[in-house]
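Novice: I would like to see how this sequence folds:
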Amino acid sequence: MAQAGQRKCLSCKVYFTPDRRVGERQRYCSSDACQKVSKAQSQQRWLGQPHNRDYFRGPVHVARVQAWRKVHPGYASRPTPVAALQEECTPQPIDKTHEVVNRTLPPEPLQDLISPSSPILVGLIAHLFELRLQDEMAVTARRLVELGKDILGAVEHGQTQADPAAAALAPRAPTVQLD
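Specialist: Purely as a prediction, here's the structure:
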């Protein structure tokens, strides 16, 4: 049942509230399918009028289009600009001259450990380890940095992850259950 001010769409027969700017002229709802039907219907009505049937035909209109194309050369052959979805990241080589002497990290604030421009890393640590406090996140981040340095240090010295001695020395992170 229609409420006050509603109309029935001529295409889908569903009641809708017309746009107040259009008023009584709106006959179709705003769904994409109904808008296509509305456009086709209005074009058919426009072309049905005798003075509009040859609107885009004849030598006058051919000359008009040719003149416009002379004024705008290459318009149809312009490439459409394609925006990059993301910037390319160039891989950075590992500095092999750096020797890991001290494997314990000095206590530093979380802001120094993780740059504030990487909220995805902070969010990932908070999500994976179910942490909400900055102090807890700092401890976990330091542990992850230590683990990363241990792995990079092992790679620098020619060890692989398949090496049992390196596997025995490397600390293990707790298993995390993803929801």
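Novice: helices of this structure, start to end?
Specialist: Along the chain, counting by DSSP state H, helices occupy 32-48, 59-71, 110-113, 119-128, 134-156, 164-169.
Novice: just checking, what packs against the longest one?
Specialist: Other elements packing on helix 134-156 under the criterion 3 or more Cβ pairs under 8 Å, 6 or more residues apart in numbering; DSSP states H and E are helix 110-113, helix 119-128. For every residue, glycine as well, the C-beta is placed using N, CA and C.
Novice: would you turn these into TSV with distance to Arg64, mean neighbour count and mean pLDDT?
Specialist: Output for the helices and strands packed on helix 134-156, formatted as TSV (distance: least, Cβ to Cβ, whole Å; neighbours: other Cβ atoms under 10 Å; pLDDT from 0 to 100):
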stretch	distance to Arg64	mean neighbour count	mean pLDDT
helix 110-113	65	13	56
helix 119-128	55	13	79
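Novice: okay, now the domains of this structure?
Specialist: 7-71, 110-169 (automatic domain parsing).
Novice: distance to Thr80 added to the ones you listed, as a markdown table?
Specialist: Shown next, in a markdown table, are those (distance: least, Cβ to Cβ, whole Å):
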| stretch | distance to Thr80 |
| --- | --- |
| domain 7-71 | 19 |
| domain 110-169 | 31 |
